[in-house]
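>>> Coordinates for the following, if possible.
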Amino acid sequence: MSWARAPIARLSRREVVVGIRREDPTRIWERRCPLTPDAVHQLVSKDGVQVHVEHCDRRIFPDSEFIKAGANIVSSLKGAHIHLGVKEPPLDELITTPHGDVQRTHMMFSHTAKAQSYNMPLLFSFLDPRSRPPRLLDFELLTDDHGRRTVGFGWFAGFAGVFESLVSTAQSHLHRGIASPFLYTPRPHSLPSLDHLRAALRGIGTRIAAEGTPKALGPFVIGLTGTGNVANGCLDALSELPIQSIAPNDLPSFLANPDTDLRKVYLVHAKPSDYFVNKDNGYSREEYYAKPDLYESVFSSKIAPYLTLFLNGGGWAPGFPRLMSNDDLRTALSRAVAGWRMTNIGDITCDPKGGLEFMTHATTLSDPSFSIRPSDELPEVRIMSVDILPTSIPLDASKHFSSALLPYLRSVVASYAGEGAGELGVALDRATIALDGQLTEKHAWLAAHRPSEKHVLILGSGMVAGPVVDKIAENKNFHVTIASNSLNELETLTKSHVNASYVQQDLSDLTNIVEVLKTADVVISLLPATYHPKVAELCIENKKHLVTASYISDEMKALHSSAEAAGVTILNEIGLDPGIDHLTAISMIERLQAENKEIVKFASFCGGLPDFSVKMDHPLKYKFSWNPRGALSGFMNAARYLNSKGVVQVKAGEMSTAFIPHFEVDVNQKSVLEAYPNRNSIPYIEEYGLDETKLRQFIRGTLRYPGFCTFMEEIRQAGFLDTTPLSEKEWAQAEDRLRLTKFRDSVSKGELPRYNPRASSSLDYLAGVLARDPEFQYGKGERDMVLLVHHIETKDEVHTARLYVTGDEKYSAMAKTVGLPVALAALLVLDGRVTIRGVIGPGDKSIRVPILKDLEANGIEMVERVVDTMGRDEEEVAN
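Numbers count the residues shown, from 1 in each chain. Next up, the predicted model:
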């Protein structure tokens, strides 16, 4: 039943309860309120309704003011018929059951009308006719008869967005060695009123008019899109500066003029007719809205290359051309003229993957900007995309919003009081997304976006991510989200899957992914192992299961009790080594023990190497199918293993004293490799179910081609395996140091790694150089291989097992053998078949047996041989 046709209930006015919801507590900056105390006083005293206000100490209006206005302060809105909030609530706080026999109404900015994936679970909470869920009314859709929005914070978003964007831009320029007057721009929350903000920006404008903007930047050109409230707020703020307007068509000649006055700030307010064109290079507003598929954007070539700062204040809807795609950003940056053009963006509309496809996520006032680099050849782009900009001006914004909302709220109240919604009923209908458990006609298309049953979050998009994504996304009931800072990798991984999406994010600060982590059922971390304890802490805090391929560190072990108490599985060591080596070794040992055979020796060696067919002239005899840093750093680990004389300890950095120079393998033909012990083997004696007192050998090791260990020792002595952070000056000097080694040719083959204070050691430098040298990457037709060998001796027999996997055109062997076990383990967890909680490895039968079976089905299996001690009766079996 629509608002316009009939009342929703027939309560007395005194029985109607309006509730003001506490905003999501994780949004620490959200201080706005949909109604002021003055508006509440009118509802109570003039309209005769009750108002319940959920307690909140962060709100711009304290509880005491609402009490004076006649409201009741409550801990829950279970007693309210009409629920008001600015933003959407946490899903677990959403009240969807009726209030007695009366259906509720939720009014908010729900962020569901464009099928925003992160809020589809919220939307579908309103869509079950059997349970009489609430009506969902979205503030964003309240419009007049001409389609103009009537309730919102758009002007305040634009006004505050100018300040936040100027702050972000000034910091970006400072990182590039340029100080501008906009360094003095205040952040909007730091001043008490609009008047104070205007005065501050006016002072900066006065300084620019007198001294100018930096010559290194050239003319300071601000681009603005949009014609609505957001754009008007931007224009109002910018009016405090010495602004001179420029037409988009004049930009090339204007920027080419060396006499352009730097004592002004130049504004290009681009309209849709300036950048949307049909096949005839024309624009018709009527045609554009009727047939948007006939149009494309030329913003990236016509306007973007000339902008110092771009303010996006224009809206976008599915079915319409984007303002800029990912490729368009690359185009704009490649054409940008001097002055760091198009490297700073303020996306004030904050529509992730909307009009700006590369703007992947909203930011917060605590961390308002993020950076992306579309490719190694192009500069970094800094994006301000705060989704709650108006809350930085909470008092003025709340007063404005409350005044605009109150007439509509009174119509909703009247509908509950049996009087009907009156003349605003049609507007309420337009703003209603869900009604009586069903989508309204205009929004029926959203039904196709029902969220998948399970959600997997993958952290990292590196060399082994492909098989993980592809395997999990095979099941269309699962949705995969990948978080990484590499846009190219994210696009490649997700382009073939309708149920895969990505979040481009700097994962050096894991708090950036907390919100998306909360939506996941299982998290897979493909990040470096040092990140895993922090990832695990976040998973435990949010009760999410975690799967990693890395060894269980002491820091991870320390989390066992808290994970167990939270009912969370933290499954580790489920890649190749560790991973497949554990699964196959334990299975072999259990089978031999079941046959009452006493095991006296165990050795397991694994290596990810260039295939035997690959020719290599360099002394490292290695190419990288995974992170070069990880491959190099393993040589510096300390190690412990058992031989006939007892436990042998190898100190960190002394692996050259412990390697085995002659290790014979038989893969199609006999070949000689070398091996060195891998970390601490001793704890695995117990994990594998062996008796240390009966063993004469227990060792786990790594395989490499002959000469690797000797050369690595030379590199170690040269200091390039050192993990001590370098200063920027020392980083620059590393080039000269590397030229003194046998890697000297690599230094001259391409762009050298840039200094990053978060990864600034000599080891990082060497890894960066090798990652850029084609000689250490796999060329066309070259493939890698994975070789895993077990050697188990009983008193009477020798049992060997061998896994040999080669890469192909789609995946490297390393990606297959690390990524596939990780994916299979995550699927086991998703299916509820892993019931063990805490920090665990893959040794339990409930994990080991099904994963081995699935690996075999995917062509990854070990071949076993058994001979007696005299070398007789050799047979071959498949495990």
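
>>> only C-alpha atoms for contact and neighbour calcs from this point on.
Fine.

>>> Against residue 830, how distant is the residue nearest to the spatial centre of the chain?
Against the mean C-alpha coordinate of the chain, by Cα atoms, centre = their mean, the closest residue is residue 483 at 3.0 Å. Separation of residue 483 from residue 830 (Cα to Cα, to the nearest Å): 19 Å.

>>> Do me a favour and get the end-to-end distance for stretch 40-58?
For stretch 40-58, by Cα to Cα, the gap between its terminal residues amounts to 18 Å.

>>> Now that stretch: average pLDDT?
Computed over stretch 40-58, the mean pLDDT rounds to 97.

>>> That stretch: which residues count as buried?
40-41, 43-44, 48-56, 58 (16 or more other Cα atoms under 10 Å).

>>> same question, stretch 331-345
Using 16+ other Cα under 10 Å as the test for burial, stretch 331-345 gives 331-333, 335-337, 339-345.

>>> Flag the shaky bits of the stretch 701-850 of the chain, pLDDT-wise.
For the stretch 701-850 of the chain, the stretches flagged by pLDDT under 70 are 746-750.

>>> swap that for the stretch 51-200 of the chain, sorry
In the stretch 51-200 of the chain (pLDDT under 70), the answer is 129-131.

>>> still on that earlier bit, among the buried residues of stretch 331-345, which ones are in helices?
With helices taken from DSSP state H, the overlap with the buried residues of stretch 331-345 comprises 331-333, 335.

>>> Tabulate those (a markdown table), appending distance to residue 502 and pLDDT.
Shown next, in a markdown table, are these (distance: Cα to Cα, whole Å; pLDDT from 0 to 100):
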| residue | distance to residue 502 | pLDDT |
| --- | --- | --- |
| 331 | 22 | 94 |
| 332 | 23 | 95 |
| 333 | 22 | 95 |
| 335 | 27 | 92 |
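
>>> which among these gets closest to residue 245?
residue 332 (21.5 Å; Cα to Cα).

>>> Look up how far residue 340 lies from that closest one.
Counting by Cα to Cα - residue 332 and residue 340 are separated by 11 Å.

>>> and what of residue 257?
Distance from residue 257 to residue 340, by Cα to Cα: 17 Å.

>>> ditto for residue 215
12 Å.

>>> can you check residue 463 too?
Taken as Cα to Cα, the span from residue 463 to residue 340 is 32 Å.

>>> Residue 722: neighbour count?
For residue 722, the count of nearby residues is 18 (other Cα atoms under 10 Å).

>>> what's residue 106 in contact with, if anything?
82-84, 134-137 (Cα atoms under 8 Å, 6 or more residues apart in numbering).

>>> Reformat the residues you listed into CSV and put secondary structure, neighbour count and distance to residue 467 next to each item.
Shown next, in CSV, are the contacts of residue 106 (DSSP: H, G, I helix; E, B strand; the rest coil; neighbours: other Cα atoms under 10 Å; distance: Cα to Cα, whole Å):
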residue, secondary structure, neighbour count, distance to residue 467
82, strand, 26, 48
83, strand, 24, 45
84, strand, 26, 45
134, coil, 28, 42
135, strand, 23, 42
136, strand, 26, 40
137, strand, 23, 42
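
>>> I'd like these laid out as JSON lines, including distance to residue 3.
JSON lines is the format used below for those (distance: Cα to Cα, whole Å):
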{"residue": "82", "distance to residue 3": "14"}
{"residue": "83", "distance to residue 3": "16"}
{"residue": "84", "distance to residue 3": "17"}
{"residue": "134", "distance to residue 3": "13"}
{"residue": "135", "distance to residue 3": "10"}
{"residue": "136", "distance to residue 3": "12"}
{"residue": "137", "distance to residue 3": "11"}
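
>>> picking up where we left off before, I figured the residue nearest to the centre of the chain hits residue 504, correct?
Yes - Residue 483 lies in contact with residue 504 (Cα atoms under 8 Å); the separation is 5.8 Å.

>>> residues shared between the contacts of those two?
residue 490.

>>> if we can go back for a sec, which one of the contacts of residue 106 is nearest to residue 189?
Using Cα to Cα, the contacts of residue 106 come closest to residue 189 at residue 84, 23.9 Å.

>>> so how far is residue 426 from that closest one?
Residue 84 is 20 Å from residue 426, by Cα to Cα.

>>> next one: residue 381
44 Å.

>>> Is the nearest residue in space to residue 563 that is not next to it in sequence bridged to anything, and to what?
What sits nearest to residue 563 in space, not counting adjacent residues and going by Cα to Cα, 6 or more residues apart in numbering, is residue 838, at 4.6 Å. Assessed by DSSP bridges, residue 838 has beta-bridge partners residue 569.

>>> Does residue 838 touch residue 572 like I think?
No - using Cα under 8 Å, residue 838 is not in contact with residue 572; the gap is 10.6 Å.

>>> Those two - which one has more neighbours?
residue 572 (26 against 23).

>>> which residues does the more buried one contact?
For residue 572, the residues meeting the contact criterion (Cα under 8 Å, 6+ apart) are 547-552, 839-842.

>>> Likewise for residue 589?
599, 688-689.

>>> Just the element for it, please.
helix 580-594 (DSSP states H and E).

>>> how about that helix: buried residues?
The neighbour-count check on helix 580-594 (16+ other Cα under 10 Å) flags 580-589, 592 as buried.

>>> Nearest to residue 300, out of these: which one, please.
Closest to residue 300, out of all of the buried residues of helix 580-594 and judged by Cα to Cα, is residue 580, at 48.3 Å.

>>> Give me the phi and psi angles of the closest residue to that closest one other than its chain neighbours.
In this structure, residue 580 finds its nearest non-sequential neighbour in residue 574, 6.8 Å apart by Cα to Cα, 6+ apart. Reported as degrees, to the nearest 10, the phi and psi values for residue 574 are phi -130, psi 50.

>>> correct me, but residue 574 touches residue 581?
No - applying Cα under 8 Å, one finds residue 574 not in contact with residue 581, separated by 9.1 Å.

>>> Need the overlap of contacts for the two.
Counting by Cα under 8 Å, 6+ apart, nothing touches both residue 574 and residue 581.

>>> what pairs with residue 458 across the strands?
Applying DSSP bridges, one finds that residue 458 bridges with residue 482, residue 524.

>>> Actually, residue 244.
residue 266.

>>> any idea how far residue 559 is from it?
The value you get for residue 244 to residue 559, if Cα to Cα is used, is 59 Å.

>>> which of these two has more neighbours?
Counting neighbours by other Cα under 10 Å for residue 244 and for residue 559 shows that residue 559 has the greater number, 17 against 12.

>>> how close does the residue nearest to that one when sequence neighbours are not counted get to residue 214?
Residue nearest to residue 559 in three dimensions, not counting chain neighbours: residue 839, with 6.9 Å by Cα to Cα, 6+ apart. According to Cα to Cα, residue 839 stands 55 Å off from residue 214.

>>> So between the two, which is more surrounded?
residue 839 (23 against 17).

>>> can you tell me how far the more buried one sits from residue 59?
40 Å.

>>> cool, residue 205 as well?
Residue 205 is 33 Å from residue 59, by Cα to Cα.

>>> related to what we said a few turns ago, was I right to think the residue nearest to residue 559 contacts residue 555?
No - between residue 839 and residue 555 there is no contact under Cα under 8 Å: 10.6 Å.

>>> Could you tell me the backbone phi and psi angles at residue 316?
Dihedral pair for residue 316: phi -150, psi 150, per degrees, to the nearest 10.

>>> close enough to count as contact, it and residue 349?
No - using Cα under 8 Å, residue 316 is not in contact with residue 349; the gap is 9.0 Å.
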